[in-house]
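Engineer: sequence? don't have it. structure:
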């Protein structure tokens with residue numbers, strides 16, 4: 001059990017009892033609590049059970065020496081400051097111990113002021129690490145958000161906004177395209193909130209039939225409708241004290257929107273088939289892949305509910321607007337899928353990365369994950385662009401003449417017509433690709449899966465120039 005001494009507790013470990021006694025008296029005069037152990041095994045047990053703030057340990061002891069105790073102590077508490085007590089002859093050993101994780105060392109014979117200085121410095125470091133640990137714990141959801149979504153400026157802005165609103169009880173509207181990570185943001189807000197010890201309850205409003213949505217949200221009583229064979233609490237009751245996340249709320253029917261607004265205003269729900277109100281205490285987070293404000297103007301979403309939900313808005317950018325995260329996410333999904341499939345695919349070819357970076361990802365992170373999982377399944381040693389199943393990695397739009405009036409008809413043979421129009425198509429594809437790459441021929445060659453020499457030949461053959469001059 002941890003000591004209640006506010007100044008700190010120091011464990012002194014030395015096989016010479018007189019050293020323990022001397023140090024203990026010195027530190028107690030400073031208002032610190034001390035404990036003594038005369039060999040390593042006892043010290044390890046005390047570290048585990050008594051949880052001292054600092055450990056002073058003799059470098060040379062029988063059976064378990066200071067280095068071994070250092071190792072065992074760090075296994076129990078990585079942040080526990082260990083101060084080595086050593087003779088001048090063992091200074092090199094003490095330095096070695098510091099490299100292994102010791103906080104500091106005291107050389108015998110030591111001066112009292114030096115002992116006090118070293119111990120207080122160790123206590124200060126311990127206090128700082130505890131504060132950082134507490135902060136990390138509070139922001140756990142936001143740190144994991146970075147691990148889940150990437151390290152771009154856009155993600156850090158999401159982390160900042162999520163942390164800023166997490167401590168409040170505001171309703172939050174999270175907007176973004178399908179598959180962009182809206183639920184991850186919602187979970188991060190919950191994890192960093194005072195409600196994190198309670199449940200996070202997600203509900204997909206688009207996956208529940210209109211006839212069952214109210215029962216799902218508010219609960220129902222036995223016999224209240226056909227198939228209601230037993231009473232069932234709704235999601236509002238299930239999320240008591242925690243967070244209710246309504247995903248794709250734009251799919252909620254207007255009649256259900258009115259009842260949701262009433263619940264938010266009264267903080268009470270009525271189960272279907274019952275007129276007795278049930279008090280609810282939940283934090284509401286909602287998400288939509290549509291512009292809710294635009295839906296209020298079109299009449300498909302209640303303006304009063306929109307303004308009630310829109311106390312704070314977070315917009316999750318699509319993956320195409322944070323391309324810096326694509327490589328990070330691809331490697332993360334590669335690692336996960338390797339474990340899932342018991343494979344050891346080592347990475348991506350240069351052309352595969354190029355393909356990932358130039359695709360628009362209309363399905364966002366969800367599509368990227370599916371693409372990587374399939375690629376890992378198909379790949380042997382390394383993922384190449386051939387392992388991807390993407391319709392257009394370049395997002396180019398190329399118009400190919402298909403109407404008879406667009407073709408060079410007349411006295412030409414079919415072979416001549418095909419050849420002439422084939423050259424026209426090649427020219428248009430090459431021109432569009434070079435425009436897309438900003439004139440970078442090496443990149444254009446990779447995208448078109450031809451070698452660098454071929455693209456030079458084709459450009460010369462087809463007379464492709466850039467702004468009156470040749471492409472560089």
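Structural biologist: Structure's in. What do you need? Quick caveat: nothing in here was measured; it's all calculated off a predicted structure.
Engineer: Where does residue 422 fall, secondary structure wise?
Structural biologist: Residue 422 belongs to helix 414-436 when assigned by DSSP states H and E.
Engineer: And the next helix or strand after that helix, what does it pack against?
Structural biologist: On the C-terminal side of helix 414-436, the closest following helix or strand by DSSP H and E is helix 441-448. Contact analysis of helix 441-448 by 3 or more CB pairs under 8 Å, 6 or more residues apart in numbering; DSSP states H and E lists helix 350-358, helix 414-436, helix 452-462 as its packing neighbours. No exception for glycine: its C-beta is placed from N, CA and C like everyone else's.
Engineer: tell me which residues of the shortest one are tucked away?
Structural biologist: Residues of helix 350-358 classed as buried under the neighbour-count rule (16 or more other CB atoms under 10 Å) are 351-356, 358.
Engineer: In TSV: these, plus pLDDT and distance to residue 96.
Structural biologist: Shown next, in TSV, are these (pLDDT from 0 to 100; distance: CB to CB, whole Å):
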residue	pLDDT	distance to residue 96
351	87	48
352	90	45
353	90	43
354	88	48
355	89	50
356	92	46
358	87	51
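Engineer: returning to what we had before: most tightly packed of the helices and strands packed on helix 441-448?
Structural biologist: Of all the helices and strands packed on helix 441-448, helix 350-358 has the most neighbours on average by mean count of other CB atoms under 10 Å, namely a mean of 18.
Engineer: Could you point out the helix or strand that follows that one?
Structural biologist: Downstream of helix 350-358, the next assigned helix or strand under DSSP H and E is helix 364-378.
Engineer: Show residues contacting that following helix.
Structural biologist: Helix 364-378 is contacted from outside by 149, 177-181, 318-319, 326, 329-330, 333-334, 337-338, 340-341, 343, 345, 352, 356, 361, 363, 383, 387-390, using CB atoms under 8 Å, 6 or more residues apart in numbering.
Engineer: isn't there a helix covering residue 313?
Structural biologist: No: Residue 313: not assigned to a helix; according to DSSP: H, G, I helix; E, B strand; the rest coil it is strand.
Engineer: Surely it touches residue 172?
Structural biologist: Yes: using CB atoms under 8 Å, residue 313 is in contact with residue 172, at 7.3 Å.
Engineer: Which residue of the two possesses the greater neighbour count?
Structural biologist: With neighbours defined as other CB atoms under 10 Å, residue 313 and residue 172 compare such that residue 172 has more, 25 against 14.
Engineer: And the pLDDT at that one?
Structural biologist: Residue 172 is assigned 96 on the pLDDT scale.
Engineer: cool, and residue 207?
Structural biologist: On the pLDDT scale, residue 207 is placed at 83.
Engineer: I'd like the distance from stretch 370-384 to the chain centre, please.
Structural biologist: How far stretch 370-384 lies from its chain's middle: 22 Å, per CA atoms, centre = their mean, to the nearest Å.
Engineer: those strands in the stretch 51-200 of the chain, which residues are they?
Structural biologist: Assignment of strands within the stretch 51-200 of the chain using DSSP state E, counting those that start in this stretch yields the ranges 54-58, 82-87, 104-108, 172-175, 200-204.
Engineer: Which strands or helices does the helix or strand just after the last one pack on?
Structural biologist: Counting by DSSP H and E, the element after strand 200-204 in chain order, helix or strand, is helix 210-218. Using 3+ CB pairs under 8 Å, 6+ apart as the contact criterion, the secondary-structure elements in contact with helix 210-218 are helix 235-238, helix 254-266, strand 268-270.
Engineer: Low-confidence ranges, the stretch 351-472 of the chain, go.
Structural biologist: Counting by pLDDT under 70, the stretch 351-472 of the chain shows low-confidence ranges at 391-421, 465-472.
Engineer: again, only using 50
Structural biologist: 392-408, 467-472 (pLDDT under 50).
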